[in-house]
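>>> heads up, no residue letters with this:
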């Protein structure tokens, strides 16, 4: 049975592929299944022929290759090509037996784009928004977004672009305020309110964020996730922000590595549930903040 492995360090591109796969399915209510577990329901889906279409798609989301072992083994034993299975894995270890079950043709790896493509993408976005960006502002944006950093991805770039394109003429002053001050301040304030147990102010701030960023709550959650991920790495590696190539202005939650990991899992799950349509974005933000409060209280 056809199977494909999807992974990489650019989540924006991975999500674009996932969306493309969904759109290609005819009658998705019958022929598309997204899951993060392998049970009798998934087995039945794989063994039933498509209805009102010519192809069935199973999307399996996993954190690591170990979580995929059972489904990969089952797919190898299947003789009929009833469904195509796309396995999306966050952390891939190429040394595992599960990884070696995939041929090069079955592997789709999406890593960070080149500098040339990044610049072209930014300029195309600005033009589409009917804005103009000055040369010095463009150079400053590239410098401040720091896409080469391990902690930055295209979601961060697009989120920052939304802010700077609120002005028709994008100057260096606009970039400096939008890319650094506004984003850092929002995330700093959220984590600070959570840490200080100022719940009423926290959810008031959430209400304001929902009004200002109604279509980009995933971007807000991704920024939160980034800060908890940095906090986790600092604890595990016993390193500084400078050693991680992160701006010293970045606000990091004061939590243990285990607590940061719990927060990362919460945010990962919430973002995944938004994309799968389980939560609306405003509800998702409130649920995420409530769960983070519990972690900070432990």
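Arrived safely. Remember, it's a predicted structure, so these values are computed and weren't measured experimentally.

>>> what about the strands in the stretch 151-298 of the chain?
Secondary structure of the stretch 151-298 of the chain (DSSP state E, counting those that start in this stretch): strands located at 169-170.

>>> so how far is stretch 243-255 from its chain's centroid?
19 Å (CA atoms, centre = their mean, to the nearest Å).

>>> can you map out the helices along the stretch 1-150 of the chain?
11-23, 28-31, 40-47, 69-77, 115-128, 135-145 (DSSP state H, counting those that start in this stretch).

>>> same thing with the stretch 151-298 of the chain?
154-164, 172-175, 183-195, 199-212, 217-237, 257-275, 281-297.

>>> to residue 162, which of the helices of the stretch 1-150 of the chain lies closest?
Residue 162 lies closest to helix 115-128 among the helices of the stretch 1-150 of the chain, at 9.0 Å (CB to CB). The way it works is simple: take the backbone N, C-alpha and C, and place the C-beta from them, glycine included.

>>> give me the contact list for the closest one.
113, 132-133, 138, 141-142, 147, 154, 157-158, 161, 165, 170 (CB atoms under 8 Å, 6 or more residues apart in numbering).

>>> for stretch 284-298, same thing?
In contact with stretch 284-298 (CB under 8 Å, 6+ apart) are residues 190, 194-195, 197, 199, 202-203, 206, 209-210, 217, 220-221, 224, 253, 255, 259, 262-263, 266-267, 270-271, 273-274, 279.

>>> drop anything exposed from those residues.
Neighbour-count burial (16 or more other CB atoms under 10 Å) applied to the contacts of stretch 284-298 gives 190, 194-195, 202-203, 206, 209-210, 217, 220-221, 224, 253, 255, 259, 262-263, 266-267, 270-271, 274, 279.

>>> now do stretch 210-227: distance to the chain's middle.
Distance, centroid of stretch 210-227 to centroid of chain: 11 Å (CA atoms, centre = their mean).

>>> quick check: buried residues in that stretch?
210, 213, 216-227.

>>> average pLDDT for that stretch?
Stretch 210-227 shows a mean pLDDT of 77.

>>> and what of stretch 280-298?
According to the model, stretch 280-298 has a mean pLDDT of 90.

>>> ok, now stretch 66-80?
Here the average pLDDT along stretch 66-80 is 90.

>>> what's in contact with it?
Contacts for stretch 66-80 (CB under 8 Å, 6+ apart): 1, 3, 36, 38, 42-43, 46-47, 60, 62, 85, 87, 89, 96-98, 101.

>>> rerun at 6 Å
1, 3, 38, 60, 62, 85, 87, 98, 101 (CB atoms under 6 Å, 6 or more residues apart in numbering).

>>> now residue 129, nearest residue through space, not along the chain?
Nearest non-adjacent residue to residue 129, counting by CB to CB, 6 or more residues apart in numbering: residue 165, 4.2 Å away.

>>> wait, the one you found sits on residue 131?
Yes: if you go by CB atoms under 6 Å, residue 165 and residue 131 touch, sitting 5.0 Å apart.

>>> from residue 6, how far off is the residue lying closest to residue 141 once chain neighbours are set aside?
Among residues not flanking residue 141 along the chain, residue 175 sits closest, at 4.8 Å (CB to CB, 6+ apart). Distance from residue 175 to residue 6, counting by CB to CB, to the nearest Å: 33 Å.

>>> also residue 268?
16 Å.

>>> okay, those two: which has more neighbours?
Per other CB atoms under 10 Å, whichever of residue 268 and residue 6 has more neighbours is residue 6, with 22 against 15.

>>> distance of the more buried one from residue 56?
Distance from residue 6 to residue 56, by CB to CB: 17 Å.

>>> flag the shaky bits of the stretch 101-250 of the chain, pLDDT-wise.
Counting by pLDDT under 70, the stretch 101-250 of the chain has low-confidence residues at 151, 180-187, 212-215, 247-249.

>>> one more time with 50
181-185 (pLDDT under 50).
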